[in-house]
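Novice: Sharing a model that was predicted from the sequence below.
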Amino acid sequence: MSTRQVSDRNDPLIERREDLVAPMAKGEKPREQWRIGTEHEKLVFSLGDKHAPSYGEPGGILDLLKALQAYGWEPIEEGGKIIALAGADGNVSLEPAGQLELSGAPLENLHQTCAETGRHLRQVKEIGEKFGIGFLGLGMWPDKTRAELPIMPKGRYEIMLRHMPRVGTMGLDMMLRTCTIQTNLDYSSEADMVQKFRVSLALQPLATALFANSPFTEGKPNGMLSYRSHIWSDTDPARTGMLPFVFEDGFGYDRYVEYMLDVPMYFVFRDGKYIDAAGQSFRDFLDGKLPALPGERPTLGDWNDHLSTAFPEVRLKSFLEMRGADGGPWNRICALPAFWVGLLYDQGALDAAWDLVKDWDMEGRELLRSSVPKLALDAPLPGGGTLRDIAAEVLAIARSGLNARGRLNSAGDNESGFLEPLDEIVRTGKVPAQVLLDKYHGEWGGDLTRIYEESF
């Protein structure tokens, strides 16, 4: 989740409807300026007893953040405590229970993306060896209860932790127990945004299936392949889901603004502090009637904050965020942006992907989304068949898009090699969670502590 660094009372007030559309419209970039942003979270654990380190314990999360500064990272503080880092490779931040996230820099190609990922993982592994901590690439804690997990000292998390149980049964699990990989991509125009949004939203269940990696809860199989994805089904219905309006005629920036105005608020950030506005209306804020700040009207910074508090399968800010994948190991971190860049950054590939999904009805899309956490590649497609039936075709489209981009590394390789882990999943027919379950029922003999051998 994003980390607010400053509260600027000189930030312009929202004066007109166009101001609400502005962040999205300003995101338009010519093709040569399109960039790739990759975010990935990982679970942090003690190599000794496998507990999740607290913020302040010796060798815990604070010590990890401090040690990263030796690699050139600069601290970001909230309330006098380091809660994130900024550097040339983006930002390092904390999820609510200490999951460590790299929000990578906007980069030109996937070779740079994978090099960035490798640098980050080398840094944290070197620190981990010093402090006796490890890092696990999964979609969810496999063995920890909520009560066993620490809470990080970030003000927005205090507000969300109070609010989540009011609106769903699994919001606290989302905050405390899950990890994801996310890809952020650009668009050239409103029409380009619309086509990319529709394609990525329709195919997000395929990404969820290919990256499904959370089959255990509190030490036992949970009956799902992506329990992380299942958790979103009852986190907060006002800010999650498949957004049917995206596929309706006339969809564009203005319609997304309407959606966001209907999403209840979490907070307002003032003078370095988060003010609880959970459940309150941004429409009331526009009229100066927000109960949390009577008489005040919102700034553009407040609106940008609010845009970060919706959690649909694809999210629009000044770029598009692909949000469907479970956390995973190094090669799958590189594979997710390869999947989406291949599909969305070449017009021929984008058109081919749209042709594949454009006739799906909304009922079928919703059924696919609700089925994929349990069934993964066996989830039913609208109109018949399963995700397994189109997976190879979609990867072929993505590969054609990457080949067309022609971005080569020093060895002369293009970006399509980053799809190989996904090719292997489709070839074998087993998503990552199924491989873990095979080990659990086989060589691990039901001993889930063996999963820690899968660490980075």
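Specialist: Alright, I've got the coordinates.

Novice: And stretch 400-413, end to end?
Specialist: 14 Å (C-alpha to C-alpha, to the nearest Å).

Novice: quick thing: my sequence starts at 526, can you match it?
Specialist: Okay, residue one is now 526; in that scheme the one you just asked about reads as stretch 925-938.

Novice: can you confirm Gly873 is in a helix?
Specialist: Yes - per DSSP: H, G, I helix; E, B strand; the rest coil, Gly873 lies within a helix segment.

Novice: wait, isn't it in contact with Ala923?
Specialist: No - look at Gly873 against Ala923 with C-beta atoms under 8 Å: they stay out of range, at 11.6 Å. Glycine gets a C-beta too; all of them are placed from N, C-alpha and C.

Novice: More neighbours: which of these two?
Specialist: Ala923 (28 against 11; other C-beta atoms under 10 Å).

Novice: Grab the nearest non-local neighbour of the more buried one.
Specialist: Gly867 (3.0 Å; C-beta to C-beta, 6 or more residues apart in numbering).

Novice: Now do the one you found: how many residues are near it, please.
Specialist: The burial count for Gly867: 29, using other C-beta under 10 Å.

Novice: Now it: which helix or strand?
Specialist: Using DSSP states H and E, Gly867 maps to helix 855-869.

Novice: Show me what that helix is packed up against.
Specialist: strand 561-571, helix 635-656, strand 705-710, helix 715-735, strand 845-851, helix 872-882, helix 912-930, helix 945-953 (3 or more C-beta pairs under 8 Å, 6 or more residues apart in numbering; DSSP states H and E).

Novice: List just the one of those that sits closest to Lys798.
Specialist: When the helices and strands packed on helix 855-869 are compared by C-beta to C-beta, strand 561-571 sits nearest Lys798, at 25.4 Å.

Novice: Run through the helices of the stretch 676-825 of the chain in chain order.
Specialist: Ranges of helices within the stretch 676-825 of the chain are 680-692, 696-702, 715-735, 752-756, 778-787, 807-811, 825-832, based on DSSP state H, counting those that start in this stretch.

Novice: of those, which approaches Pro907 most closely?
Specialist: helix 715-735 (9.1 Å).

Novice: The closest one to helix 912-930, inter-axis angle?
Specialist: 130 degrees (axes from the mean of the first three to the mean of the last three C-alpha atoms, to 10 degrees).

Novice: quick one: pLDDT of the closest residue to Pro555 other than its chain neighbours?
Specialist: Among residues not flanking Pro555 along the chain, Ser713 sits closest, at 6.3 Å (C-beta to C-beta, 6+ apart). Listed pLDDT for Ser713 reads 98.

Novice: Show me which parts of stretch 657-664 are buried, residue by residue.
Specialist: 658-664 (16 or more other C-beta atoms under 10 Å).

Novice: Alpha carbons only: can I get that stretch in CSV?
Specialist: Taking Å, rounded to 0.1, in the frame of the first residue of the first chain, the C-alpha atoms of stretch 657-664 are listed here in CSV:
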residue,chain,number,x,y,z
GLY,A,657,18.8,-14.5,11.1
ILE,A,658,15.8,-13.7,9.0
GLY,A,659,14.4,-15.2,5.8
PHE,A,660,12.0,-14.2,3.1
LEU,A,661,9.2,-16.3,1.6
GLY,A,662,7.5,-15.8,-1.7
LEU,A,663,3.9,-17.0,-1.2
GLY,A,664,0.4,-15.5,-1.6
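
Novice: looking only at pLDDT, what's the mean for it?
Specialist: Here the average pLDDT along stretch 657-664 is 98.

Novice: Then stretch 834-843?
Specialist: On average, stretch 834-843 scores 98.

Novice: and it, how far from the chain's centre?
Specialist: 10 Å (C-alpha atoms, centre = their mean, to the nearest Å).

Novice: Can you give me the end-to-end span of that stretch?
Specialist: Start-to-end, stretch 834-843 (C-alpha to C-alpha) is 14 Å.
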